[in-house]
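[1] A predicted structure for the sequence below; I have some questions about it.
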Amino acid sequence: MDMKKMAGDKAAEYVKDGMVVGLGTGSTAYHMVNAIGERVKNGLKIQAIPTSKATEAQARELGIPLLTIDEVDHVDLDIDGVDEIDPQFNAIKGGGGALYREKVVATLAKEVIWIMDESKLVDHIGAFHLPVEIAQYGSKQAMARMEECGWKPVLRVRDGKTFVTDNGNYIADLHLGAGFDIEDVREKLGTIVGVLEHGLFLNMCKRMIVGTSSEGVRVIENPSK
Ligand SMILES: O=C(CO)[C@H](O)[C@H](O)COP(=O)(O)O
């Protein structure tokens, strides 16, 4: 079976009646949303908050009851994908450009589960670009600041056009390299005007669910949560 589907299906088992569930974004989250949709059809009673317009459309199609972010006062469980994660549970997210909403929902959640195929497990994050959501107004200046920091920012382009997030902003992809100084980058990003949010999700999850080619699904619990 597809490793992403294995992880998504397994994660859906953690959803219980009465929960408010954060629905992540991306190709792994897609399987999880489908699996939850199937359970809703079979009588599971939940409410969900999607982390992107794409996930919202998928969940709506499946008949999963949805809340808007303004209606949410808590999230019991958030399930989402990652682009890379290290053994300290530090993750990079935002490959799909949904990092801002993903971080809002994950931050509200009592419990977070990251789902992935085994290719996402790394010793040190940073080989994957770090996505940063920036305001359109002043984006040239924000990009220049990030360039000065040596982060090799590239404004994300899709289908020949500058990519615009669900929130109407741009994404700068930083090329930091594996083993970059996470704290230094996180701290400096906080000083740059126009940076709305970044894709560093540091030690947020209670567990990772990993689809593997050799051992089926691995559930890795975070001892610090
Ligand atoms: O952060 C994300 C979207 O903003 C995704 O969860 C991340 O990019 C992983 O995607 P996929 O499951 O398709 O590999």
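    On my side now, so go ahead. Residues are numbered from 1 along each chain as shown.

[2] Relative to the ligand, how far out is the closest residue to residue 95 other than its chain neighbours?
    Spatial nearest neighbour of residue 95, excluding adjacent residues (Cβ to Cβ, 6 or more residues apart in numbering): residue 83 at 4.4 Å. Glycine gets a C-beta too; all of them are placed from N, C-alpha and C. Distance, residue 83 to the ligand, by Cβ to the nearest ligand atom, to the nearest Å: 5 Å.

[3] Show me which residues of this structure sit near the ligand.
    Within the chain, the positions near the ligand by Cβ under 6 Å from any ligand atom are 24-29, 80-83, 93-99, 102.

[4] at 5 Å what do you get?
    With Cβ under 5 Å from any ligand atom as the criterion, the chain meets the ligand at residues 25-28, 81, 83, 93-96, 98.

[5] which among these end up buried?
    Buried subset of the residues of the chain next to the ligand (neighbour count, 16 or more other Cβ atoms under 10 Å): 25-26, 28, 81, 83, 93-96, 98.

[6] Residue 120: what's it in contact with?
    Neighbour list for residue 120: 81-85, 210 [criterion: Cβ atoms under 8 Å, 6 or more residues apart in numbering].

[7] tell me, how many neighbours does residue 53 end up with?
    Other residues within reach of residue 53, judged by other Cβ atoms under 10 Å, total 13.

[8] So it sits against residue 166, correct?
    Yes - using Cβ atoms under 8 Å, residue 53 is in contact with residue 166, at 4.9 Å.

[9] tell me the SS of residue 106?
    With DSSP: H, G, I helix; E, B strand; the rest coil as the basis, residue 106 sits in helix.

[10] Tell me if residue 124 really is in a strand.
    No - looking at residue 124 with three-state DSSP, it is coil, so not inside a strand.

[11] In three-state terms, how would residue 173 be classified?
    Three-state call for residue 173 (three-state DSSP): strand.

[12] from memory it sits against residue 129, does it?
    Yes - if you go by Cβ under 8 Å, residue 173 and residue 129 touch, sitting 3.8 Å apart.

[13] how about stretch 184-191: buried residues?
    Residues of stretch 184-191 classed as buried by neighbour count (16+ other Cβ under 10 Å): 185, 188-189.

[14] Would you map out the domains in the chain?
    Recorded structural domains for the chain (assignment: automatic domain parsing) are 3-123+201-221, 130-198.

[15] most packed of the ones you listed?
    Of these, the one with the most neighbours on average (mean count of other Cβ atoms under 10 Å) is domain 3-123+201-221, at a mean of 20.

[16] What average pLDDT does that one get?
    Mean pLDDT, domain 3-123+201-221: 98.

[17] please begin residue numbering at 298 from this point
    Taking 298 as the first residue, the last one we looked at is domain 300-420+498-518.

[18] taking the buried residues of stretch 481-488 one by one, which sit in helices?
    Cross-referencing these against helices under DSSP state H gives 482, 485-486.

[19] Can you lay out these as TSV showing distance to residue 363?
    Shown next, in TSV, are those (distance: Cβ to Cβ, whole Å):
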residue	distance to residue 363
482	34
485	37
486	31
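
[20] Output these as a markdown table; include the columns pLDDT and distance to residue 405.
    Formatted as a markdown table, those follow (pLDDT from 0 to 100; distance: Cβ to Cβ, whole Å):
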| residue | pLDDT | distance to residue 405 |
| --- | --- | --- |
| 482 | 98 | 24 |
| 485 | 98 | 26 |
| 486 | 98 | 21 |
